[in-house]
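Engineer: Here's a sequence, model it:
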Amino acid sequence: MSIDAEQVRRIAHLARIGLDADEADRYIGDLESILGMVERMRAVPTDGVAPLPHPIDLQQRLRPDVVTEADQRDLFQADAPAVAEGFYLVPRVVE
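Structural biologist: Residues are numbered from 1 along each chain as shown. Model prediction:
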């Protein structure tokens with residue numbers, strides 16, 4: 001796919017990236033190689049290939065679901081400016 005400097009400037013404008021004329025010319029080759037790679041990837045037959053959640057089929061190691069810290073709610077809420085029934089009270093911001 002061929003791309004010109006005007007298209008590069010248009011893409012930069014849409015992405016809110018400031019480019020001068022020299023920079024736009026430098027990015028033409030980079031963008032053309034990226035678009036070429038996408039075209040090559042589209043040419044690969046992927047019918048019958050199931051999508052993978054991760055490229056490596058491993059089980060996630062999980063830690064045991066146990067309590068490791070003591071309940072310190074009362075200690076923490078003692079420093080709060082306003083508390084009621086175990087909840088922190090904050091000023092109303094939505095009318």
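
Engineer: what's the single longest helix in this structure?
Structural biologist: helix 21-43 (DSSP state H).

Engineer: which residues of this protein score low on pLDDT?
Structural biologist: 1 (pLDDT under 70).

Engineer: can we see that at 80?
Structural biologist: Filtered on pLDDT under 80, the chain yields the residue ranges 1, 21, 53-58, 60, 95.

Engineer: In it, what residue spans correspond to helices?
Structural biologist: Under DSSP H, the chain gives helices at 5-14, 21-43, 73-77.

Engineer: Output those as CSV; include the columns mean neighbour count.
Structural biologist: In this view, the C-beta of every residue, glycine as well, is placed from N, C-alpha and C. Below are the helices of the chain laid out as CSV (neighbours: other C-beta atoms under 10 Å):
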stretch, mean neighbour count
helix 5-14, 14
helix 21-43, 11
helix 73-77, 10
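
Engineer: Which among those helices is found nearest to His54?
Structural biologist: Proximity to His54 (C-beta to C-beta) singles out helix 21-43 among the helices of the chain, at 19.0 Å.
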